[in-house]
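In: with the sequence up front, the predicted model follows.
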Amino acid sequence: MIKFFRKIRFELMEKNKTGKYLKYAIGEIVLVVIGILIALQINNWNEHRKVQKLEAQIYTELKSDLLQTRNEIKKTISKHKNIFKSSQQLITDIYNKKSNSQTIYESFTNSSADFQIIPKTSAFENLKNIGLNTLSNDSLRITITNLFQLKLKRLDDELGMKQAEFNMTKLIQPFLFKYLIADYSQPTKYGFKHSDSISIYKLRINDYDKFLNDNDLLKNLQLSLFNRGRKIDEETETINSIDNVINGIEEELEKLNK
């Protein structure tokens, strides 16, 4: 092709057709410029598609992590709600001086239980390494960042309770040691998957009358119940935030995949 254009130029020069040569030369320059612009446009389009593909991949990974985290939070909320309900009933039973029972024992031992939620953040960490600006939707990028760096981080130490003296486990545990004793009349076998089974004794509440009239116990049960309610609220609000982000991600994926 280049040889063809060069041949035409030489023929025009040899025939001394300067005007036609200039027009031809300008036309040739225009064609070259257009060719370069088209090549640049194609290159830019290819690069844009690569960026869009990467962005879609990140959104897909973020959504997957958030769905797994959401599922873990829902399971934890369910556990908290069950203990919340049984703890409410335990407080009522203690107040009404109900007779000792297996239900009271189980409610008492469960009242100290807490659950750690470890959010799945590998996709967000990957995004930080690549660059947060990879996400072109500024509003959604900020929302995602706030979710992972603020709300989800708080799940590891919800409401600052982990080290506080009003941590639910710390509130109830002293009373577990105070009132629970091994019942030697009820030995039972406990098995492990990779080791031998062991013989253990079931526990029961000792000094039950004292247990029923322990004002400090009742006070701590109520405080623990209050804190569990706050945790349920916090976790439920986190799920709402996750749902909002997932909806935003799905809208962006729909745009990117068009």
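Out: That came through, no problem.

In: how many other residues sit next to Lys63?
Out: A count of nearby residues for Lys63, using other Cβ atoms under 10 Å, gives 19. Yep, even glycine has a C-beta here, placed from its N, CA and C like the rest.

In: next up, the contacts around it.
Out: The neighbours of Lys63, taking Cβ atoms under 8 Å, 6 or more residues apart in numbering as the test, are Ile246, Ile249, Glu250, Leu253.

In: roughly how far apart are it and Ile104?
Out: For Lys63, the distance to Ile104 equals 44 Å [Cβ to Cβ, to the nearest Å].

In: likewise for Asp216?
Out: Applying Cβ to Cβ to Asp216 and Ile104 gives a distance of 18 Å.

In: among those two, which residue is more densely surrounded?
Out: Ile104 (20 against 10).

In: and the more buried one, which of the three is it?
Out: The three-state label for Ile104, taken from DSSP: H, G, I helix; E, B strand; the rest coil, comes out as helix.

In: what of Thr188?
Out: Applying three-state DSSP: Thr188 is strand.

In: look at it and say how many residues are nearby.
Out: 10.

In: check Ser78 too.
Out: For Ser78, using other Cβ under 10 Å, the count is 10.

In: check the one 4 residues further on too.
Out: Asn82 has 12 neighbouring residues, counting by other Cβ under 10 Å.

In: check contacts around it.
Out: Contacts of Asn82 by Cβ under 8 Å, 6+ apart: none found.

In: now do the contacts for Leu147.
Out: When contacts are counted by Cβ under 8 Å, 6+ apart, Leu147 is found next to Ser241, Ile242, Val245.

In: low-confidence ranges in the chain?
Out: Filtered on pLDDT under 70, the chain yields the residue ranges 1-48, 156-166.

In: just the helices in it please.
Out: Under the criterion DSSP state H, helices of the chain are mapped to 2-14, 18-95, 102-110, 122-130, 138-146, 152-154, 168-179, 208-212, 215-256.

In: can you give me the neighbour number for Phe108?
Out: Counted with other Cβ under 10 Å, Phe108 comes out at 23.

In: ok, it touching Leu90?
Out: Yes: counting by Cβ atoms under 8 Å, Leu90 is a contact partner of Phe108 at 6.2 Å.

In: neighbours of the closest residue to Leu256 other than its chain neighbours, how many?
Out: In space, and not counting its chain neighbours, Leu256 is closest to Ala56: 4.5 Å by Cβ to Cβ, 6 or more residues apart in numbering. Residues within reach of Ala56, counting by other Cβ under 10 Å, total 16.
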